[in-house]
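>>> coords please:
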Amino acid sequence: MSTVSNAVARRDAGPAALVEQYRDDLAMVAPAHVNPDKLYRTMIGLLRGNEALARAAGANPGSFIAAVFECAELGHRPGDTYHFVPFGNKVTGIEDY
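Okay, the predicted model is just below:
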């Protein structure tokens with residue numbers, strides 16, 4: 001039972017919780033055409049679907065949230081026109097051109 005509790009605690013304190021914590025701030029910096037709820041759900045989906053990204057975001061939350069904010073400010077779609085690439089223990093945002 002404690003293993004499940006520990007896993008839930010780690011998940012709640014991980015990168016997804018960081019995106020949730022800054023959800024309102026992301027909505028404020030995003031252009032009007034960006035739906036903040038869709039941005040949030042897409043980011044959570046990317047974290048859940050990419051173990052290397054989740055690991056790098058957990059190891060370096062500052063690099064991850066900086067890339068998330070850049071994506072929001074530019075009005076890009078996470079995973080489509082803006083990519084979150086783990087390089088070791090750092091997340092780097094890469095804009096499509």
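>>> okay, CA-based contacts and neighbour counts for the rest of this
Will do.
>>> so what's the residue nearest to the spatial centre of the chain up against?
Taking CA atoms, centre = their mean as the criterion, M43 is the residue nearest the geometric centre of the chain, at 4.7 Å. For M43, the contacting residues are A16, V19, P78, by CA atoms under 8 Å, 6 or more residues apart in numbering.
>>> Show me what counts as buried in the helix or strand hosting K38.
Assessed by DSSP states H and E, K38 sits inside helix 36-49. The neighbour-count check on helix 36-49 (16 or more other CA atoms under 10 Å) flags P36, L39, Y40, M43, I44, L46, L47 as buried.
>>> after that helix, next one along is what?
Toward the C-terminus, helix 36-49 is succeeded by helix 51-59 as the next helix or strand (DSSP H and E).
>>> can you map out the strands along this protein?
82-87, 90-95 (DSSP state E).
>>> Dump the ones you listed into JSON lines; add mean neighbour count as well.
JSON lines is the format used below for the strands of the chain (neighbours: other CA atoms under 10 Å):
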{"stretch": "strand 82-87", "mean neighbour count": "19"}
{"stretch": "strand 90-95", "mean neighbour count": "20"}
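>>> got CSV for those strands, with mean pLDDT and distance to N60 too?
CSV is the format used below for the strands of the chain (pLDDT from 0 to 100; distance: least, CA to CA, whole Å):
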stretch, mean pLDDT, distance to N60
strand 82-87, 96, 10
strand 90-95, 96, 6
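>>> Now tabulate the ones you listed in TSV and tack on distance to V29.
TSV is the format used below for the strands of the chain (distance: least, CA to CA, whole Å):
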stretch	distance to V29
strand 82-87	16
strand 90-95	17
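>>> And those strands: which comes nearest A59?
A59 lies closest, by CA to CA, to one member of those: strand 90-95, at 7.3 Å.
>>> now the helix holding K38 against strand 82-87, angle please.
Orientation of helix 36-49 against strand 82-87 (axes from the mean of the first three to the mean of the last three CA atoms, to 10 degrees) gives an angle of 30 degrees.
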